[in-house]
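Peer 1: can't give you the sequence, but here's the structure:
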């Protein structure tokens, strides 16, 4: 509302009183007043519909009706404009009722003057702006709540669909595994001649069947892994193992795949004596994905080679796969590790997959505290390689702390919790407890073996969150013993040693960590 121009509606059944009000309004300096008079409530309602009224003066007495009743009707109808009530006398009870029903100010007719009118108009206008802002705020809040309710409904629906999709993927994947296993086993029996001689041509066909079964099994593994990665449920059983343990477990599968595609596959001669720290099953999956990818893009009678070398400056072992395929364009290198991305070009395999293999390989490498890299030249071939940390507990914990920022949802604090058992128990019982503890932690946590004590759990948690972690492990211990055949698991005692900020408290955390582990022994997770 502008204070320079003002359209005023006076609702008063006394035309003389209305005229007096008009003259007082014209006496206010700086105002250009357009004055409208309505002699009855019905006339005033028509006027309010047809005119842009800025301010209403409402007389308390309107013949058969009262201004109080009209005021109540206007506010109930949603009328927000400022209303100044006018009374013949300053009856405090009447004034109270007028203000309660929505009047912004009131004037006693005998006291009206231009200056008093100015103050009353300013006061009523101020109240009007505040009321309109409150009304807008309520409307916005109501609209926001409505939209939030719709959004929550959609989020619940999305969550249901998300869970259904995960359940579908898991169920379908598991249902596929059984027939695929049967097909693979019986095909292998026939291929090996255990049920009768097979011709060279039949052997070739059976080899093709086995190759396609391996492709389907890899696709199923990809679906399961991506489902668990998305849900944050893919764990890792990291342990100390030898370099030979990792490629050796997948050698037979990869050799069959290479032979079926008429590719020469060269496995590394392992010379490193370093122990590495990883989940060998997960790293085996990385080697399978990288090698199968290399075979798909290699020409017949070409060579794909696996190799292993030490990275002493980085305290890691690097495992790589090199092919002599078409290579990857530089602008495509950044995209190939994203989900559902597939390289252009002639893929000789008839089973193209979902474009998940490289993305899963990267996630599994990161899960084992390593890095993955690719070097490629068009027309020359590609080399995919990744690192695995050596089994040095002190260096490993530094690598772990460096990776905390990359964990899902980030991390600000790290805690130490000791898990102790009776030191007199034998090695089999101790191993059972260790396996139990390993299965209770999250993939972002570590279990470190402590000499003669038990284990130290390194948890990405604030101290207030540790209570639920400890309670969950204790409840799982009770459940395990309730369903465990034979002797129960040994009792465990858990103690919180402290919580430190990841960045500012690292030095103090390391003192406690080394103190708990001294002398430092094998690390498991």
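Peer 2: Received the coordinates, thanks. Just so it is clear, the model here is predicted, and its values are computed rather than measured. Numbers count the residues shown, from 1 in each chain.

Peer 1: residue ranges with poor pLDDT in the chain?
Peer 2: Low-confidence segments of the chain (pLDDT under 70): 1-4, 90, 162-163, 165-174, 222-235, 339-355, 405-411, 451-452, 519-525.

Peer 1: Pop the domain breakdown of it in here.
Peer 2: 5-112, 241-389, 408-524 (automatic domain parsing).

Peer 1: what ranges do the strands span in the stretch 301-450 of the chain?
Peer 2: 303-311, 316-322, 372-377, 381-389, 413-420, 446-450 (DSSP state E, counting those that start in this stretch).

Peer 1: In TSV, list these along with mean neighbour count.
Peer 2: Every residue, glycine included, has its C-beta placed from N, CA and C. Shown next, in TSV, are those (neighbours: other CB atoms under 10 Å):
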stretch	mean neighbour count
strand 303-311	18
strand 316-322	21
strand 372-377	16
strand 381-389	23
strand 413-420	21
strand 446-450	22
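
Peer 1: looking at the ones you listed, which is closest to residue 214?
Peer 2: For the strands of the stretch 301-450 of the chain, the distance to residue 214 is smallest for strand 303-311, at 15.3 Å, taking CB to CB.

Peer 1: Report the angle between that closest one and strand 381-389.
Peer 2: 30 degrees (axes from the mean of the first three to the mean of the last three CA atoms, to 10 degrees).

Peer 1: Adjacent strands (with direction) for strand 303-311?
Peer 2: Strand pairing for strand 303-311, using DSSP bridges, gives strand 264-266 (parallel), strand 316-322 (antiparallel).

Peer 1: ok, back up a step: would you format the domains of the chain as TSV with distance to residue 203 included?
Peer 2: Formatted as TSV, the domains of the chain follow (distance: least, CB to CB, whole Å):
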stretch	distance to residue 203
domain 5-112	87
domain 241-389	11
domain 408-524	42
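
Peer 1: Which one of the ones you listed lies nearest to residue 129?
Peer 2: Shortest distance between residue 129 and the domains of the chain, using CB to CB, is found for domain 5-112: 8.8 Å.

Peer 1: Start and end of the closest one, how far apart?
Peer 2: 21 Å (CA to CA, to the nearest Å).

Peer 1: what distance separates that domain from the centre of its chain?
Peer 2: On the basis of CA atoms, centre = their mean, to the nearest Å, domain 5-112 is displaced by 58 Å from the centre of the chain it belongs to.

Peer 1: As CSV, the strands paired with strand 303-311 with distance to residue 370 would be great.
Peer 2: Below are the strands paired with strand 303-311 laid out as CSV (distance: least, CB to CB, whole Å):
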stretch, distance to residue 370
strand 264-266, 22
strand 316-322, 7
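
Peer 1: To residue 61, which of those lies closest?
Peer 2: Among those, the nearest to residue 61 by CB to CB is strand 316-322 (94.0 Å).

Peer 1: Residue 430 reaches residue 421, doesn't it?
Peer 2: Yes. Judged on CB atoms under 8 Å, residue 430 makes contact with residue 421 at a distance of 6.6 Å.

Peer 1: Overlap of the contact sets of those two?
Peer 2: residue 490 (CB atoms under 8 Å, 6 or more residues apart in numbering).

Peer 1: so how many other residues sit close to the closest residue to residue 27 other than its chain neighbours?
Peer 2: Sequence neighbours aside, residue 114 is the residue nearest to residue 27 in space, at 3.9 Å (criterion: CB to CB, 6 or more residues apart in numbering). Look at residue 114: counted by other CB atoms under 10 Å, it has 14 neighbours.

Peer 1: isn't residue 327 right up against residue 383?
Peer 2: No. With contact defined as CB under 8 Å, residue 327 does not reach residue 383; the gap is 10.3 Å.

Peer 1: Give the residues shared as contacts by these two.
Peer 2: Shared contacts of residue 327 and residue 383, counting by CB under 8 Å, 6+ apart, come down to residue 376.

Peer 1: hmm, back to that, among the domains of the chain, which is nearest residue 179?
Peer 2: In terms of CB to CB, the element of those nearest to residue 179 is domain 241-389, at 16.7 Å.

Peer 1: measure the closest one end to end?
Peer 2: Note: domain 241-389 ends 11 Å apart using CA to CA.

Peer 1: Which residue ranges of the stretch 101-250 of the chain form strands?
Peer 2: 105-108, 239-242.

Peer 1: Please tabulate those in TSV, including the columns distance to residue 55 and mean neighbour count.
Peer 2: Shown next, in TSV, are the strands of the stretch 101-250 of the chain (distance: least, CB to CB, whole Å; neighbours: other CB atoms under 10 Å):
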stretch	distance to residue 55	mean neighbour count
strand 105-108	10	19
strand 239-242	82	18
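
Peer 1: before we move on, back to that, nearest to residue 188, out of the domains of the chain?
Peer 2: domain 241-389 (9.5 Å).

Peer 1: what sits against the residue lying closest to residue 190 once chain neighbours are set aside?
Peer 2: The spatial neighbour of residue 190 that comes closest, neighbours along the chain excluded (CB to CB, 6+ apart), is residue 206 at 5.7 Å. Contact analysis of residue 206 by CB under 8 Å, 6+ apart lists 187, 190, 191, 198.

Peer 1: Settle this for me: the first one is touching residue 210, isn't it.
Peer 2: Yes. Under the contact definition of CB under 8 Å, residue 187 touches residue 210, with a separation of 5.4 Å.

Peer 1: quick one, which of these two is more surrounded?
Peer 2: Set residue 187 next to residue 210 and count neighbours by other CB under 10 Å: residue 210 wins out with 21 against 18.

Peer 1: quick one: contacts for that one?
Peer 2: If you count contacts by CB under 8 Å, 6+ apart, residue 210 has them with 184, 187, 188, 191, 256, 260.

Peer 1: Can you flag the buried ones in those residues?
Peer 2: 184, 187, 191, 256, 260 (16 or more other CB atoms under 10 Å).

Peer 1: Including distance to residue 134, could the residues you listed go into CSV?
Peer 2: As requested, those are arranged in CSV below (distance: CB to CB, whole Å):
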residue, distance to residue 134
184, 72
187, 76
191, 81
256, 75
260, 75
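
Peer 1: Closest to residue 220 out of those?
Peer 2: The closest of the buried ones among the contacts of residue 210, once distances to residue 220 are taken by CB to CB, is residue 184, at 12.1 Å.

Peer 1: so which of the strands paired with strand 303-311 gets nearest residue 240?
Peer 2: strand 316-322 (12.6 Å).

Peer 1: Please list the residues outside the closest one that contact it.
Peer 2: 243, 246-247, 272, 274, 276, 283, 286-287, 290-291, 293-294, 304-311, 370, 381-390.

Peer 1: again, 7 Å this time
Peer 2: 243, 272, 274, 276, 287, 290-291, 294, 304-311, 370, 381, 383-390 (CB atoms under 7 Å, 6 or more residues apart in numbering).

Peer 1: check contacts around the residue nearest to residue 27.
Peer 2: Residue 114 touches 24, 27, 28, counting by CB under 7 Å, 6+ apart.

Peer 1: ok, 8 Å please
Peer 2: With contacts defined as CB under 8 Å, 6+ apart, the neighbours of residue 114 are 24, 25, 27, 28, 29.

Peer 1: ditto for residue 80
Peer 2: Per CB under 8 Å, 6+ apart, neighbours of residue 80: 128, 131, 132, 135.
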